[in-house]
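[1] sequence first, predicted coordinates after that:
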Amino acid sequence: MTKLEFVLELNDRLSGLPSDEIEECIGFYVEMIEDGVEDGISEEEAVARIGKIDEIVDQIIAGIPFTKIAKEKIKPKRRLRAWEIVLLAVGSPLWITLGAVAFAVLLVLYAVLWTLVAVAWSVFAVFTACAPAGIFFGVLCFTQGRPFVALFAIGAGIVLVGLAIFAFFGCVAATKGCAVLTKKIAIGIKKCFVGKETKNG
């Protein structure tokens, strides 16, 4: 891919963003390509070194605040006609309600996801607290002449230590997974707002 092809593709993929953001991003990557060419590599190699365009677009969109993207998207490109204003006003109870319901459902699903992660960490905390307590209780029983209870308690404490270790790694993986999913959801929502601009004749 040449520099021109890269610029055209990037401009097309970012067409729903504010124009100043698009110009700044394209300028940044053009400068990177030109630096590579000055270092003695071809345009195609310089473009390839930057990375895949999908990843670049995701990175750019992730770095722009959602409010800025939404503001650009809802900003009218022309003055609304009287009948369009009337339709918006008449239909507002329906689309505002549907939007609020959709937002609430997404928010609940997101909260449930993080609640499950919090529950997993709580289970880890219980295992971590109970393991030494079980071992201590076993030692105490052993000194009081109750060897069978002592062995059971110490065995349970050791099992809980193992479970706590497994739970810790599971909790770390779940937390990282939720964080990655959160980032992907945020980028996905932003992409829905960005879209491709329709050209008016």
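    Received it, and whenever you're ready, just let me know what you need. None of these values were measured; they are calculated from a predicted model.
[2] residue with max distance from the center of the protein?
    Most distant residue from the mean C-alpha position of the chain: residue 145, 56.5 Å away (CA atoms, centre = their mean).
[3] name the SS class of that one, please.
    Following DSSP: H, G, I helix; E, B strand; the rest coil, the label given to residue 145 is coil.
[4] same check, this time on residue 79
    Taking three-state DSSP as the rule, one finds residue 79 in the coil state.
[5] number of nearby residues for it?
    7 (other CB atoms under 10 Å). Where you see a C-beta, it was placed from the backbone N, CA and C, and this is true even at glycine.
[6] now swap in residue 14 and tell me
    If you count neighbours by other CB under 10 Å, residue 14 ends up with 23.
[7] would you check that it makes contact with residue 24?
    No. Between residue 14 and residue 24 there is no contact under CB atoms under 8 Å: 10.5 Å.
[8] re the thing from before, quick check: the residue farthest from the centre of the chain vs residue 96, distance?
    As defined by CB to CB, to the nearest Å, residue 145 lies at a distance of 73 Å from residue 96.
[9] any idea of the mean pLDDT for the helix or strand encompassing residue 33?
    Per DSSP states H and E, residue 33 falls inside helix 19-38. Taken as a whole, helix 19-38 has a mean pLDDT of 85.
[10] what helices or strands is it leaning on?
    helix 3-13, helix 43-50, helix 53-63 (3 or more CB pairs under 8 Å, 6 or more residues apart in numbering; DSSP states H and E).
[11] generate a markdown table for these, with mean neighbour count, mean pLDDT and distance to residue 31 as supplementary columns.
    Below are the helices and strands packed on helix 19-38 laid out as a markdown table (neighbours: other CB atoms under 10 Å; pLDDT from 0 to 100; distance: least, CB to CB, whole Å):
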| stretch | mean neighbour count | mean pLDDT | distance to residue 31 |
| --- | --- | --- | --- |
| helix 3-13 | 15 | 85 | 11 |
| helix 43-50 | 16 | 86 | 11 |
| helix 53-63 | 15 | 82 | 14 |
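[12] looking at those helices, which is closest to residue 172?
    helix 53-63 (22.9 Å; CB to CB).
[13] I'd like to know which elements the closest one is packed against.
    Where contact means 3+ CB pairs under 8 Å, 6+ apart, helix 53-63 is packed against helix 3-13, helix 19-38, helix 147-194.
[14] elements contacting the first one?
    With contacts defined as 3+ CB pairs under 8 Å, 6+ apart, the packing partners of helix 3-13 are helix 19-38, helix 43-50, helix 53-63.
[15] for these, could you give me JSON lines that also reports distance to residue 87?
    Formatted as JSON lines, the helices and strands packed on helix 3-13 follow (distance: least, CB to CB, whole Å):
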{"stretch": "helix 19-38", "distance to residue 87": "28"}
{"stretch": "helix 43-50", "distance to residue 87": "45"}
{"stretch": "helix 53-63", "distance to residue 87": "31"}
